[in-house]
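> Compute the structure for the input listed below.
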Amino acid sequence: EFKEKKLTFIDTPGHAAFNKMRERGAKVTDLIILVVAADDGVKPQTIESIRHIKAAGVPYVVAINKIDLPNTYPDVIKGELAQHDVLVVGFGGDVETIPLSAKTGEGVDTLLETIAVMAELNDYKADPTAPLKAVVIESSKDSQRGSLASVIVQQGTLKIRQDIYTDSAVGRIRALTNESGLSLMEVTPGSPAEIVGFSTVPAVGEIVYDAAAEYAQEEPEIEPESDETVEDGEEPVLDFDFLLEEREKLKLIIRADVTGTLEAITQTLDSESVEQMSAAVGPVTEQDIELAQTTGSVIIAFHQKVSNKIKNMAKESGVRIRSYDVIYHLIEDLQKQMLKLMEPTIDEVVTGEGEIIQIFEMKGDRIAGVRVKTGEIKKNDLLHLKRGEENVANPVVKLMMHGKEEIQSIKAKNEAGFTFRNRKLDFQVGDTIIAYHTEIDVDD
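Numbering: from 1, shown residues only. So this is what the prediction gives:
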């Protein structure tokens, strides 16, 4: 609230992977604040944001942040903006610039005052009695509350027990909460809310309609052709051209906290190098573990806590789950994983090697009798099961026995019985067991 008026802000991430989110933000807002860091100046994401602003035709101002830092020169940034057809006041144009510091608060009131004046000049109004239209800004799935959608009402009024729909989801509003988590009975234009009551997770960018209202037929929007040019310094899409006619793909199951982040991750992937077995919002499930085991996929969990039950199930199934909170780290690790597809042992140091010389059964378990030929094999080592030159599996040891004694490791010229966590593991006499560790652990 500012001078008894409410302002609703949509904050979009600056990382290159979130360009779709920035594009959506430009389309659904009345005013845009283009934030430029005083110590960085105009960056590729700034240029991309300028393109979205121009395409949307929305009024905007420029906020030059971090002026509290030493050796910053706002006029230099204004000159850089002019090179991209953003002409600010004092540099041949009428776009307002507000120097500010998010750290000290300097200039923030001036920014809010500028927004209020521009809103008054543009006479922004919306009818709370019109048929409902609310845009989905973000969506997710909660284990307790079900499908959730964060929206901003553009016209009409959201109400409890209202039947609603989007292009991909339907529901009845069971609960409405504001930005502070407080319960609401209704939401009027310009205000944000979280909706509980959709039967499935709606897609971001969709419009929420009132099922009981009538709407005039709208002309379909014609999407402009996207500009595929990557600016210097912009995070590239992972496009690995290995000059191979047929190559193995990295199989992924992706679980993210919200739809916008999921979209950012999936659009970063190159379909020539990565096969998405599944991508959805919500926690990692038992079904995900089963799918990963069947397909040989890696599970990516972004901003998702993985329960101990799921971790144990994954370990027993030989499935790898990689958890991330920062998208930069996720992209870097996927690049490393692609390198491993080119040369699977690129980062591996072999610590022991053994041969399966006998197979027998005990209490329903198949046991591999292994003779260690070189080095040492430990129970918790990373393992390859090889048949000739082919890597058959990456088994996980459940028990390692020497006679009736359970052991934790076995050295060269000794024998032991190996029981594996995956009871369906296909191993044969003559197969090789290789123990190794990685110099660059891409699975951390």
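> all helices of the stretch 251-400 of the chain, in order?
All helices of the stretch 251-400 of the chain, identified by DSSP state H, counting those that start in this stretch, fall at 259-268, 286-295, 308-317, 327-342.
> mind saving the C-alpha coords of the first one as CSV?
Spelled out, it's helix 259-268. The C-alpha coordinates for helix 259-268 follow below in CSV (Å, rounded to 0.1, in the frame of the first residue of the first chain):
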residue,chain,number,x,y,z
THR,A,259,5.0,-24.8,-12.8
GLY,A,260,7.1,-21.7,-13.8
THR,A,261,10.3,-23.3,-12.5
LEU,A,262,9.4,-26.6,-14.2
GLU,A,263,8.9,-24.7,-17.5
ALA,A,264,12.3,-23.0,-17.1
ILE,A,265,14.0,-26.3,-16.5
THR,A,266,12.4,-28.2,-19.4
GLN,A,267,13.0,-25.4,-22.0
THR,A,268,16.7,-25.5,-21.1
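> Show me how far that helix is from its chain's centre.
Centre-to-centre, helix 259-268 and its host chain are 5 Å apart (C-alpha atoms, centre = their mean, to the nearest Å).
> for the third one, same thing?
Using C-alpha atoms, centre = their mean, the mean C-alpha position of helix 308-317 is found 22 Å from that of the whole chain.
> Likewise for the second one?
Averaged C-alpha coordinates place helix 286-295 at 20 Å from its chain's average position (C-alpha atoms, centre = their mean).
> what comes into contact with it?
Applying C-beta atoms under 8 Å, 6 or more residues apart in numbering, the contact partners of helix 286-295 are 251, 253, 255, 277-278, 297-299, 310, 313-314, 317-320, 422. All C-beta spots, glycine's among them, are computed from the backbone N, C-alpha and C.
> Counting neighbours, which of those end up buried?
Buried members of the contacts of helix 286-295, scored by 16 or more other C-beta atoms under 10 Å, are 251, 253, 255, 277-278, 297-299, 310, 313-314, 317-319, 422.
> Next, give me the two most distant ones among these.
Greatest spacing in these, by C-beta to C-beta: Arg255 and Asn422 (22.2 Å).
> Is Trp48 in a helix, a strand, or coil?
Just to correct that, residue 48 is Glu rather than Trp. Following DSSP: H, G, I helix; E, B strand; the rest coil, the label given to Glu48 is helix.
> Any idea how many residues pack against it?
19 (other C-beta atoms under 10 Å).
> What pLDDT does the model give it?
For Glu48, the pLDDT comes out at 83.
> and what of Ala56?
Predicted confidence (pLDDT) for Ala56: 79.
> so it sits right up against Arg24, yeah?
No. If you go by C-beta atoms under 8 Å, Ala56 and Arg24 don't touch, sitting 9.9 Å apart.
> Neighbour count: those two, which is higher?
Arg24 (22 against 17).
> what about that one, distance to Gly260?
8 Å (C-beta to C-beta, to the nearest Å).
> quick one: common contacting residues for the two?
Joint contacts of Arg24 and Gly260 (C-beta under 8 Å, 6+ apart) are 137, 204.
> Of the buried ones among the contacts of helix 286-295, just say which sits nearest to Ile434.
Gly318 (15.0 Å).
> got the contact list for that closest one?
By C-beta under 8 Å, 6+ apart, the contact set of Gly318 is 293, 393-396, 421-422.
> Same list (the residues you listed) but as CSV, adding pLDDT.
CSV is the format used below for those (pLDDT from 0 to 100):
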residue, pLDDT
Gln293, 86
Ala393, 89
Asn394, 88
Pro395, 91
Val396, 91
Arg421, 87
Asn422, 84
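> Between which two of the contacts of helix 286-295 is the distance greatest?
Longest span within the contacts of helix 286-295, C-beta to C-beta: Arg255 and Asn422, 22.2 Å.
> I'd like to know which of the contacts of helix 286-295 is nearest to Ala63.
Arg255 (34.8 Å).
> my guess is that closest one meets Ile300, correct?
Yes. Between Arg255 and Ile300 there is a contact under C-beta under 8 Å: 6.9 Å.
> now stretch 274-293, how far from the chain's geometric center?
That offset, for stretch 274-293, works out to 14 Å (C-alpha atoms, centre = their mean).
> One more: stretch 267-282?
Offset of stretch 267-282 from its chain centre (C-alpha atoms, centre = their mean): 10 Å.
> Buried residues of stretch 379-395, list them for me.
Buried residues in stretch 379-395 (16+ other C-beta under 10 Å): 379, 381-385, 392-393, 395.
> Ends of it, what's the gap?
Start and end residues of stretch 379-395 are separated by 11 Å (C-alpha to C-alpha, to the nearest Å).
> And stretch 252-263, by the same measure?
End-to-end distance of stretch 252-263: 14 Å, with C-alpha to C-alpha as the criterion.
> quick one: average pLDDT of it?
Stretch 252-263 comes out at a mean pLDDT of 89.
> what's next to that stretch, contact-wise?
Contacts to stretch 252-263, defined as C-beta under 8 Å, 6+ apart, come from residues 18, 20-21, 137-140, 201, 203-204, 265-266, 269, 274-284, 288, 291-292, 297-304, 327.
> Of these, keep whichever come out buried.
Buried subset of the contacts of stretch 252-263 (neighbour count, 16+ other C-beta under 10 Å): 18, 20-21, 137-140, 201, 204, 265-266, 269, 274, 276-279, 281-284, 288, 291-292, 297-304, 327.
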